[in-house]
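> I'll drop the sequence and a predicted model, then ask my questions.
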Amino acid sequence: MTEAFFPDIPKIQYEGPQSRNPFAFKHYNADEVVEGKTMSEHFRFSAAYWHVMRNELGDPFGPGTALMPWDDRSDSVENALNRVDVFFEFLEKTGIDYYAFHDRDVAPELGTLSKSNDALAQVVDKLAAKQQETGKQLLWGTACLFAHPRYAQGAGTSPYADVFAYAAAQIKAAIDATHKLGGLGYTFWGGREGYATLWNTDMKRELEHLAKLLHLAVDYKQKIGFEGQFYIEPKPREPSTHQYDSDAAACLNFLREFDLLDHFKLNIEANHATLAGHSMYHELTVSAAAGALGSIDANRGDELIGWDTDQFPTDIYTNTEVMLTVLGMGGFTTGGLNFDAKRRRESHEPADLFHAHIGGMDAFARGLKIAAALRADGRVEEFVKQRYASFDSGIGADVESGAATLEGLSNHALSQPEPVIPSGRQEMLENIINEHL
Ligand code: XUL
Ligand code: CO
């Protein structure tokens with residue numbers, strides 16, 4: 001394979017915690033076995049095409065700063081095809097096995113839908129060839145239904161039927177592309193599926209339309225025999241004032257209300273969780289409890305900034321919670337850890353792409369090791385088990401089995417002294433976590 005684009009960057013190798021080489025892993029050791037699986041099997045790391053290849057690092061106050069010497073900044077298909085070589089060199093050198101894309105990341109939006117579809121098909125052929133050559137896999141594909149001005153008032157929730165149809169057309173082409181590439185999943189993130197003001201919005205109709213669009217996608221998926229997992233990705237706002245897929249609980253309720261729960265799992269993103277006023281751990285726990293945790297967009301926010309900063313997931317405490325949840329559900333099936341994360345605007349050199357992903361992978365390796373150590377230690381798990389032990393027998397078991405009645409519980413309470421409850425021991429448990437950090 002050509003290695004023309006990052007000439008100064010070596011293939012990143014594991015050198016261990018003592019290494020001071022910035023282009024080496026200190027903790028991520030792809031083949032190291034933890035709880036019976038290699039690290040690379042646990043994480044299923046994925047790189048986001050939109051951040052690695054297309055994010056120029058602009059912000060609302062200034063243009064992009066990213067140096068991309070391989071990119072002529074044109075909308076030509078040639079430029080798009082050339083980016084594929086750059087991206088696969090990046091995947092090879094970082095040892096990341098999966099990737100994710102939006103249709104418009106990999107191929108340009110051209111003057112007409114049919115030209116855009118043709119461009120996408122050409123790039124997909126090249127992606128297929130590169131996958132074949134390298135063994136890399138598509139974690140999920142998606143359609144960008146939020147950037148073009150036609151979607152300014154929504155895609156599936158647009159008040160305008162022709163916009164709804166355009167969104168459906170883009171989803172069809174993006175599912176076709178994902179199917180052709182053997183994608184393991186397909187994600188729906190509704191950046192504009194929400195509202196700016198209720199004064200111009202028929203919420204009930206918009207929600208029904210969104211559900212209709214997802215049903216149409218499910219029907220199409222079944223028709224063409226695409227077996228990848230559908231995901232819905234919660235986020236409360238930005239760009240919309242309010243997004244309907246606001247958090248995991250809202251998504252689950254929406255899916256249940258519209259009879260979609262069998263066809264979707266959730267793709268949970270850390271910075272979206274915090275924007276929703278939740279911790280990542282909360283969102284993962286809600287999803288996992290519903291048997292609906294499918295995949296993860298790995299990143300983090302900034303405590304001092306109230307928007308979606310999409311920083312690399314370097315917080316070891318959060319990564320420990322993530323990996324505890326993933327290990328607890330028996331690992332990913334179709335999903336993985338997709339770095340939906342971008343460099344800071346100041347980190348504009350190509351080398352920074354490597355530092356960023358190395359940091360995320362190392363920080364997750366530490367999270368995994370700590371999570372595995374906590375599970376082997378067992379004290380936290382045992383504490384939680386004991387905390388609920390009164391439901392294992394007697395009146396508690398009757399509650400869980402459905403044998404209890406309100407009168408029976410009343411008689412039980414009347415016959416007992418005032419309940420004395422033990423401590424929740426939060427600080428002691430936090431101390432145990434810190435013992436392993
Ligand atoms: C936006 C976001 C998206 C989705 C895919 O905040 O997370 O990039 O992951 O559309
Ligand atoms: Co995301």
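Thanks, I have the structure now. Ligands and ions are numbered 1, 2, ... in the order given.

> Kindly state the beta-bridge partners for the spatially most central residue of the chain.
By C-alpha atoms, centre = their mean, the mean C-alpha position of the chain lies nearest to D297, the distance being 2.3 Å. Judged by DSSP bridges, the bridge partners of D297 are E269, N338.

> Now do the same contact list for it.
Residues near D297 by C-beta atoms under 8 Å, 6 or more residues apart in numbering: 233, 267-270, 272, 338, 340. In short, each C-beta sits where N, CA and C put it, glycine included.

> Could you rank those by neighbour count and give me the top one?
Neighbour counts for the contacts of D297 peak at I268, which has 32 neighbours (criterion: other C-beta atoms under 10 Å).

> I'd guessed that residue sits against A288; true?
No. Using C-beta atoms under 8 Å, I268 makes no contact with A288, being 9.3 Å away.

> which of the contacts of D297 lies closest to S40?
Nearest to S40 among these: N338, at 14.4 Å, using C-beta to C-beta.

> Can you read off the pLDDT for that closest one?
Note for N338: predicted pLDDT of 99.

> same question, the one 10 residues further on
With respect to pLDDT, H348 has a value of 98.

> tally of neighbours for it?
Neighbours of H348 (other C-beta under 10 Å): 16.

> Surely it is in a strand?
No. Counting by DSSP: H, G, I helix; E, B strand; the rest coil, H348 is not found in a strand; it is coil.

> Hmm, L67 and it touching each other?
Yes. With contact defined as C-beta under 8 Å, H348 counts as touching L67 (5.6 Å).

> distance of the residue nearest to the centre of the chain from ligand 1?
5 Å (C-beta to the nearest ligand atom, to the nearest Å).

> just S410 next, same as before
49 Å.

> Please apply the same query to E233.
According to C-beta to the nearest ligand atom, E233 and ligand 1 sit 5 Å apart.

> what sits against that residue?
E233 makes contact with 187-189, 245, 266-269, 272, 297, according to C-beta under 8 Å, 6+ apart.

> Could you pick out which of these are located in strands?
Among the contacts of E233, the residues falling in strands (DSSP state E) are 187-188, 266-269, 297.

> backbone phi and psi for the residue in the chain that ligand 1 sits nearest to, please?
For the chain and ligand 1, the shortest gap (C-beta to the nearest ligand atom) falls at W189, measuring 3.6 Å. Torsion angles at W189 (phi, psi; degrees, to the nearest 10) stand at phi -120, psi 120.

> Verify the stated contact: it with K235.
Yes. Counting by C-beta under 8 Å, W189 does reach K235; the two are 6.8 Å apart.

> which residues are common contacts for those two?
Shared contacts of W189 and K235 (C-beta under 8 Å, 6+ apart): D245.

> Need phi/psi at the closest residue to K369 other than its chain neighbours.
Nearest non-adjacent residue to K369, counting by C-beta to C-beta, 6 or more residues apart in numbering: V34, 6.6 Å away. Dihedral pair for V34: phi -130, psi 130, per degrees, to the nearest 10.

> I figured V34 was touching L368, is that so?
Yes. Counting by C-beta under 8 Å, V34 touches L368, with 5.8 Å between them.

> So which of these two has more stuff around it?
Just comparing V34 and L368: by other C-beta under 10 Å the higher neighbour count belongs to L368, 26 against 18.

> Let me know whether my guess that the more buried one is in a strand holds.
No. Checked against three-state DSSP, L368 lies outside a strand; its state is helix.

> ok, it to G331 distance?
Distance, L368 to G331, using C-beta to C-beta, to the nearest Å: 11 Å.

> where do the contact lists of these two overlap?
Common neighbours of L368 and G331 (C-beta under 8 Å, 6+ apart) are H42.

> Just give the number of residues close to E133.
Neighbours of E133 under the rule other C-beta under 10 Å: 11.

> just Q386 next, same as before
For Q386, using other C-beta under 10 Å, the count is 11.

> Relative to G378, how far out is it?
From Q386 to G378 the distance is 12 Å (C-beta to C-beta).

> Likewise for N319?
Where G378 is concerned, N319 sits at a distance of 21 Å (C-beta to C-beta).

> of the two, who's got more company?
Neighbour comparison, N319 and G378: the larger count goes to N319, with 26 against 10 (by other C-beta under 10 Å).
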